[in-house]
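>>> model the following, please.
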Amino acid sequence: MLFKIAFRNIFRNKRRSLMTLLAVGVGAVAIILFGEFVGFITAAMETGAARTVGHLTVYRSGYFDYGAGNPAAFGIADYQGVIRLISEDPEIKPKLNVITPTVSLAGIAGNFEIGASKTFFGTGFVPSDRDRMLRWDERDIFRYFKHNPSTMRDDDETTGVVGVGLARILGLCEKLGLTDCPPRPQLPTAANDSEPEAPDIAALAQAEREAAGAHASGEPRLDLLAATASGAPNVMSLLISGAERQGARELDDNFVAMHFSLAQKLLYGRGEHKAVAIVIQLHHTKDLSAVRARLHTLFAEHKLDLEVRDWIERQPFFKQAIDMFGSIFFFISVIMGVIVLFTVVNTMGMSVMERTNEIGTVRALGVRRGGIRRLFVIEGSLLGAFGATFGVVVGQTLAVLFNRTGMTWMPPGNSVRVPLQVLTTGVAPLLICVWLGLVLAASVAALVPANRAARFKVVDALRHV
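Below is the predicted model:
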């Protein structure tokens, strides 16, 4: 009976109730759209990380803390045996998408035809494995982007790719057919300019090409200098088959990707060829914790001096960005909740003042204070429920329509535009939480005028004009 009376009462003043419903609905729409945007950002960053660095990475113990300064000394010697051990484990095998060795190194890249050189960060990988990793898209985030296979091949270790920024810096734009590079300025050369290092590196590069039987050609080429595990300088020549934009400018200006075998030769020279890391990509991100725990057990059982890191540890920026968006989402939710709170308080307060005589009448008929309080709380709850339902429906509709606009944006730290979308799948928990939160806020807001109505004296309420 109380619900029936409350339902009729909220439509006694249709205009005021409609404005309240709209206020609650707009709050729901704002929270849902921003929440789904944060969900899309989270899923996109998660997918991008899993595509580039995998879900888990196996290192030799101590590499993550100290190995970056000397990757050659922290290599995994029997990496093929470790890969076999992991890929054949009955618990891990069904969850495994790609497992592949990689080599990370740093050095100097030079194009001595124009006298340009630049420090680089290099990665050596198996091209086919990298292509498989880049096709991974568990949540269909990158469905609008066509993946172009790498120009590198498993059977050709002489070729590699560079970042567009590095190609620009080292004067490879024309040879690679890049059209968005600014013209290279002609710098004056002073007569007393000295070149203490470039001729030595160039001589090493020339000697390496002659020893390998290479001949001059029109193909773009870089000479890479790195230090081996023993500290000796080692130079390799790399044919550049293409340039890939890396998103972040800092990476784009330093990125060199090469064949795994060539990276081993450059880093280890004539010594034992190792892998710096073993990258693991899973079919589903939800399996990450279980696989990581199994790897720890597996390494302990076989007494392997290895450690496992996940992609969040390798890319700490992810957690920082998600925490920032989470704080903004919480702030917006609180603001919307306060607006709903005051709107419902105002609406129910006016309703109480208009119905003072009615309150006195029902109190005279024997309804207790608790009954009056419950009636107004139910009215506030119904206003919140109707408004929240309207907001959820409109919010989801707007989200679907927004995703069809094809809008793009350039996130901070990126140099390429990406889709500007909101997540519309798997968001049922968000919708339920928003609906329940707004209904609860409306119910709490209704308590203030409901308590005031319940405290009316019967005689004063009956003679109220």
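
>>> how does the chain divide up, domain by domain?
Here the chain is described, according to automatic domain parsing, as comprising the domains 2-45+319-462, 62-185+192-304.

>>> how about those domains in a markdown table, adding mean neighbour count, mean pLDDT and distance to residue 312?
From N, CA and C alone the C-beta is placed, and that goes for glycine too. As requested, the domains of the chain are arranged in a markdown table below (neighbours: other C-beta atoms under 10 Å; pLDDT from 0 to 100; distance: least, C-beta to C-beta, whole Å):
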| stretch | mean neighbour count | mean pLDDT | distance to residue 312 |
| --- | --- | --- | --- |
| domain 2-45+319-462 | 17 | 84 | 6 |
| domain 62-185+192-304 | 17 | 83 | 9 |
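
>>> right, so of those domains, which gets closest to residue 51?
Between residue 51 and the domains of the chain, the shortest separation by C-beta to C-beta is 5.2 Å, and it involves domain 62-185+192-304.

>>> measure the closest one end to end?
From its first residue to its last, domain 62-185+192-304 covers 13 Å (C-alpha to C-alpha, to the nearest Å).

>>> contacting residues for residue 124?
The contact partners of residue 124, taken as C-beta atoms under 8 Å, 6 or more residues apart in numbering, are 102-105, 257-264, 266-267.

>>> show me those that map onto strands.
Assignment to strands by DSSP state E places the following of the contacts of residue 124 there: 102-105, 257-259.

>>> re earlier: between the domains of the chain, which gets nearest to residue 52?
Ranking the domains of the chain by distance to residue 52, with C-beta to C-beta as the measure, places domain 62-185+192-304 first at 7.5 Å.

>>> spell out the residue ranges of the strands in the protein.
Ranges of strands within the chain are 56-60, 96-111, 116-125, 159-163, 221-227, 233-244, 255-259, 277-282, 306-310, 408-409, 418-419, based on DSSP E.

>>> a markdown table for the contacts of residue 124, including distance to residue 142?
As requested, the contacts of residue 124 are exported to a markdown table (distance: C-beta to C-beta, whole Å):
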| residue | distance to residue 142 |
| --- | --- |
| 102 | 22 |
| 103 | 27 |
| 104 | 25 |
| 105 | 29 |
| 257 | 19 |
| 258 | 25 |
| 259 | 25 |
| 260 | 25 |
| 261 | 29 |
| 262 | 29 |
| 263 | 27 |
| 264 | 31 |
| 266 | 32 |
| 267 | 32 |
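
>>> going by distance to residue 111, which of those residues wins?
Sorting the contacts of residue 124 by how near they are to residue 111, with C-beta to C-beta, puts residue 258 at the top with 15.7 Å.

>>> how far away is the residue lying closest to the closest one once chain neighbours are set aside from residue 88?
When the adjacent residues along the chain are set aside, residue 258 lies closest to residue 160, with 3.8 Å between them (C-beta to C-beta, 6 or more residues apart in numbering). From residue 160 over to residue 88 the distance is 31 Å, taken as C-beta to C-beta, to the nearest Å.

>>> likewise for residue 225?
The value you get for residue 225 to residue 88, if C-beta to C-beta is used, is 39 Å.

>>> cool, and residue 36?
The gap separating residue 36 from residue 88 is 41 Å, by C-beta to C-beta.

>>> returning to that earlier point: now distance to residue 446 too, for the ones in strands among the contacts of residue 124, in CSV please.
Compiled in CSV, the ones in strands among the contacts of residue 124 are given as follows (distance: C-beta to C-beta, whole Å):
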residue, distance to residue 446
102, 60
103, 65
104, 60
105, 66
257, 62
258, 67
259, 68
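
>>> quick check: phi and psi at the residue nearest to residue 77 when sequence neighbours are not counted.
Nearest residue to residue 77, sequence neighbours excluded (C-beta to C-beta, 6+ apart): residue 274, at 5.3 Å. Reported as degrees, to the nearest 10, the phi and psi values for residue 274 are phi -120, psi 180.

>>> show the contacting residues for residue 274.
Contact partners of residue 274, counting by C-beta under 8 Å, 6+ apart, are 72, 75-77, 79, 264, 268.

>>> recalculate using a threshold of 7 Å.
For residue 274, the contacting residues are 75-77, 79, 268, taking C-beta atoms under 7 Å, 6 or more residues apart in numbering as the criterion.

>>> isn't residue 438 right up against residue 27?
Yes. Taking C-beta atoms under 7 Å as the contact criterion, residue 438 and residue 27 are neighbours in contact, 6.4 Å apart.

>>> which neighbours do these two share?
The contact sets of residue 438 and residue 27 overlap at residue 340 (C-beta under 7 Å, 6+ apart).

>>> which helix runs longest in the protein?
Longest helix in the chain, counting residues (DSSP state H): helix 14-53.

>>> can you redo the strands of the chain as CSV with distance to residue 324?
Compiled in CSV, these are given as follows (distance: least, C-beta to C-beta, whole Å):
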stretch, distance to residue 324
strand 56-60, 25
strand 96-111, 28
strand 116-125, 26
strand 159-163, 26
strand 221-227, 37
strand 233-244, 28
strand 255-259, 26
strand 277-282, 27
strand 306-310, 20
strand 408-409, 16
strand 418-419, 18
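
>>> tell me who's in contact with residue 264.
Listed by C-beta under 7 Å, 6+ apart, the contact partners of residue 264 are 103, 124, 273.

>>> same question for residue 51.
133-134, 136.

>>> turn those residues into TSV, columns for distance to residue 1.
As requested, those are arranged in TSV below (distance: C-beta to C-beta, whole Å):
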residue	distance to residue 1
133	63
134	63
136	58
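
>>> what is the nearest of the residues you listed to residue 178?
Within the contacts of residue 51, distances to residue 178 taken as C-beta to C-beta reach their minimum at residue 134, with 20.7 Å.
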